[in-house]
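[1] sequence plus the predicted model coming up.
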Amino acid sequence: MTMVGRARLVGAGVNRVDGPMKVTGAAHYPNDVSFPNLAHAALVRSTISAGRVRRLDTGAALSAPGVLTVITHENAPSLDPAQDTFLSAPPPPLQGDRILHYGQYLAVVVADTAEQATAAAGLISAEYERAEPVTDMEDPRAEWIDDPWGADTRRGDARAALATADVTFEATYTTAENTNNPLGLFATVAAWDGDTLTVHDATQWPTSLRTALSRVFRIPEGAVRVLAPYVGGGFGAGLRPWPHVMLAALAARMVHRPVKLVLTRPEMFTGIGHRPATVQHVAIGATRDGRLVAIDHDSVSTLQMEGDNLEMCAAGTAAAYACPNVSTRDRQVRLNIPWVNSMRAPGEAQGNFALESAMDELSYALGVDPLDLRLRNYAENHPGLGLPWSSKALRECFEVGAELFGWSRRSPRPGTTRDGDWLVGYGLAGISYFWYQAPCQARATVRKDGTAWVRSAVTDIGTGTYTVMTQLSAELLGLDLERVTFDLGDTDLPPGAQAGGSGLTAALGSAVHAACRNLLRAVLETVAHDPTSPLAGCGVDEVTVSGGRIHRIGTPGRGESYADILAAHGLTELTADGASTPADPQELGLAPAGPFGARFVEVRIDPDLGLLRVARVVSVIDAGRILNEKTATSQIVGGTVGGIGMAMFEETVTDADTGRIANATFGDYLIPVNADIPDMEVVFVGEPDRFNPIGVKGVGEIGLVGMAAAIANAVHHATGRRIRSLPITIDQLL
Ligand code: MOS
């Protein structure tokens, strides 16, 4: 019962199953949750980025109307640290007077209404003992961390090969800090019932948040329930158990009422992570005919003062091209800045900009077409492991994209194509994304009315998880879509993987595959010794499913419906669990492949005004089997918009003297709007991947990657000017 080759419900662009709920307002996001006796919390944040709180004056706030309590480090109970995942957990808040970043929480005010809480929070004043913050990578006091994750790579001898290469090129590229801006403000509603805690939260990882809260409040995991059926976007911001979530739960415990805490937009800039800045140095060597002989990629990224951030910027370069001598180094510098954190395609977004810009620059040094240079150095096998990829259609991405885009029309000489006052440029970038998959569990039930209920404690952050898992479950059980319900976002369900790292569809889909297969086995066991059943004695591999029936492969007439089987055996329902863990590459003899892609971009530049417009984007993506072309296309389109933001607009500005975020509003922090977004064509190519039973790879993050390099490369082609610093701003173009 694998579904490869005979998919009926999978692949088609079915509409989102949760669409009607969302457009009618019936879908309850965390900040829609209410209780009759709900209290509201507001935060007080540090206005300095280094030092200590000497005194907090809470008197006026405490006597303000409606205020129930004010919690500071002076009266907060001690809280335990949460567990680290692949991302370290921020320390529990209000545990001391030390300040490490601007926006760190100093107090939480709880009141009858949100307005009262906010007004009272404004009455709290702080006296500080200031220290001089470290806000600049160049600051000699800054602590540097080498090889933070043991992920640095060394293949051959890049330095030696560079010294003897026919042609070498090297340059430094920088990328700005960016901030995740999901439209849904992060919100938490926490309620205690005795020693049992229920939390509604905008998390991307309910299972991990439950563990975190149980540790922080020293209660069993079974005493915590996290609910996140709808999340208003995340882009990575919801992967950690943030201090505001702990504060909402703490406040609810202290006032003996449910408490709601909704972050303001400025608080979103300091409280839920942001993409670190990078300074990257890339050196490449090649033979005269364009064969790479060496790549050396060094990246330094910013980091907050405590805890880690998994953000491999250089490491991805090691598997991008067939090149015998490669060395990659990632380093971090600790600064007095709010926590950095995953933001869609963490590491790869920045690393790809440096590598794919450098490849473009090398192509000019060699006089080789940028597309040819990439194809000449195509990695047929995984360059590090030496194993064949579990799937790879990057060559097809380049070829299909070039054809659709009209790459061959490109004039080889920069600055020579014009359309009226506009300079026209073509640029491209290749993408070899990371592979990632976490363990995941799921549960499947079939009921005597012939409907099925499948579920797991994951989230759908807008990617389409509800929809594709409904399709997949229906396909695997042989039911119509309308007869299958997929539930998620509740830790009472089997533990799920995070909606992150572009790994959820593979992890959850594989768990759903296992659960559905186990369920079918359980149904067949029910009739195993039933002489009246045409399925008696059948194993799961001898049957197929469709139209609510199980029948013997090759003899559609010999079968029975789920409903009949359950009725005949007096059962109301049957349930089975399934779990997935990533396969072992050595055992399979395959290198696990992430998604691949190629981006082709046309830009137009008005050289007199420094105006830059993206005119066209063609994205060709190999993400293995596509479960739903409509939602997958939306992922790539959304990611492309994010990539245009990173390339041309987004920059989180930290005031060097104070560590304050200077542009923490939608008025000041630029994100692309509709007028900035061109025609976007998205095409999927490739075959089902061989690393998981359903053949999928991730589409969540790759949509952002490659845009920055493709745009910068197109800008160079249009103008002859090479921009090595993101975002690309008007002053760089004048
Ligand atoms: Mo993603 S940055 O792992 O949501």
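    Cool, got the structure. This is a predicted model, so every value here is computed, not measured.
[2] which residue does the stretch 251-400 of the chain bring closest to the ligand?
    Minimum separation of the stretch 251-400 of the chain from the ligand (C-beta to the nearest ligand atom) falls at Ser342, amounting to 3.6 Å. Yep, even glycine has a C-beta here, placed from its N, CA and C like the rest.
[3] my read: that residue touches His274, true?
    No: using C-beta atoms under 8 Å, Ser342 is not in contact with His274; the gap is 9.8 Å.
[4] next secondary structure element downstream of whichever helix in the chain runs longest?
    The helix that spans the most residues within the chain, counting by DSSP state H, is helix 504-527. Next helix or strand after helix 504-527 toward the C-terminus (DSSP states H and E): strand 543-546.
[5] paired strands for that following strand, with orientation please.
    Neighbouring strands of strand 543-546 in its sheet, by DSSP bridges, are strand 549-552 (antiparallel).
[6] OK, contacts around the residue in the stretch 1-150 of the chain that the ligand sits nearest to?
    Nearest to the ligand in the stretch 1-150 of the chain, going by C-beta to the nearest ligand atom, is Leu87, at a distance of 9.4 Å. For Leu87, the contacting residues are 239-240, 308-310, 341-342, by C-beta atoms under 8 Å, 6 or more residues apart in numbering.
[7] which parts of stretch 172-189 are buried?
    173-182, 184-189 (16 or more other C-beta atoms under 10 Å).
[8] swap that for stretch 448-467, sorry
    Under the neighbour-count criterion of 16+ other C-beta under 10 Å, stretch 448-467 has 448, 450-467 buried.
[9] what residues are up against the closest residue to the ligand within the stretch 201-350 of the chain?
    Ranking the residues of the stretch 201-350 of the chain by distance to the ligand (C-beta to the nearest ligand atom) places Gly236 first, at 2.6 Å. Contacts for Gly236 (C-beta under 8 Å, 6+ apart) come out as 180, 204, 273, 341-344, 346, 500.
[10] could you grab the helix/strand/coil label for the closest residue to it other than its chain neighbours?
    In this structure, Gly236 finds its nearest non-sequential neighbour in Ser342, 3.1 Å apart by C-beta to C-beta, 6 or more residues apart in numbering. Using DSSP: H, G, I helix; E, B strand; the rest coil, the structure places Ser342 in coil.
[11] list the contacts of Ser342.
    Contacts of Ser342 (C-beta under 8 Å, 6+ apart): 87, 235-237, 239, 273, 275, 309-311, 500-501.
[12] can you say which of those residues are buried?
    Buried by 16+ other C-beta under 10 Å: 87, 235-237, 239, 273, 275, 309-311, 500-501, out of those.
[13] wait, is Ala294 part of a helix?
    No: under three-state DSSP, Ala294 sits outside any helix and is assigned strand.
[14] in what helix or strand does Phe353 lie?
    Using DSSP H and E, Phe353 sits in helix 348-366.
[15] do the same with Arg331
    Assigned by DSSP H and E, Arg331 falls in strand 325-334.
[16] strand partners of that strand, parallel vs antiparallel please.
    By DSSP bridges, strand 325-334 pairs with strand 144-146 (antiparallel), strand 153-155 (antiparallel), strand 292-303 (parallel).
[17] now it, how far from the centre of its chain.
    How far strand 325-334 lies from its chain's middle: 22 Å, per C-alpha atoms, centre = their mean, to the nearest Å.
[18] in the stretch 551-700 of the chain, which residue sits nearest the ligand?
    When scored by C-beta to the nearest ligand atom, the stretch 551-700 of the chain has Gly700 as its residue closest to the ligand, at 6.4 Å.
[19] and what of the stretch 51-200 of the chain?
    Residue of the stretch 51-200 of the chain nearest the ligand, by C-beta to the nearest ligand atom: Asn180 (8.0 Å).
[20] Val333 versus the closest residue to that residue other than its chain neighbours, what's the distance?
    Leaving aside its sequence neighbours, Asn180 sits nearest to Ala237 (C-beta to C-beta, 6+ apart; 4.1 Å). Applying C-beta to C-beta, to the nearest Å, the value for Ala237 to Val333 is 22 Å.
[21] what about Thr211, how many residues close to it?
    21 (other C-beta atoms under 10 Å).
[22] touching, it and Asp84? I think so.
    No: using C-beta under 8 Å, Thr211 makes no contact with Asp84, being 10.6 Å away.
[23] return the set of buried residues in the worst-scoring helix or strand of the chain on mean pLDDT.
    Least confident helix or strand of the chain, by mean pLDDT, DSSP states H and E, is helix 585-588 with a mean of 90. Neighbour-count burial for helix 585-588 flags Pro585 (criterion: 16+ other C-beta under 10 Å).
[24] please work out which residues outside that helix touch it.
    Counting by C-beta under 8 Å, 6+ apart, 385, 387, 390, 591-592, 690-691 sit against helix 585-588.
[25] tell me how far Ala131 lies from Met305.
    11 Å.
[26] and what of Ser634?
    38 Å.
[27] once you drop chain neighbours, what's closest to the residue of the stretch 1-150 of the chain closest to the ligand?
    Arg240 is the one closest to Leu87 (C-beta to C-beta, 6+ apart), at 5.4 Å.
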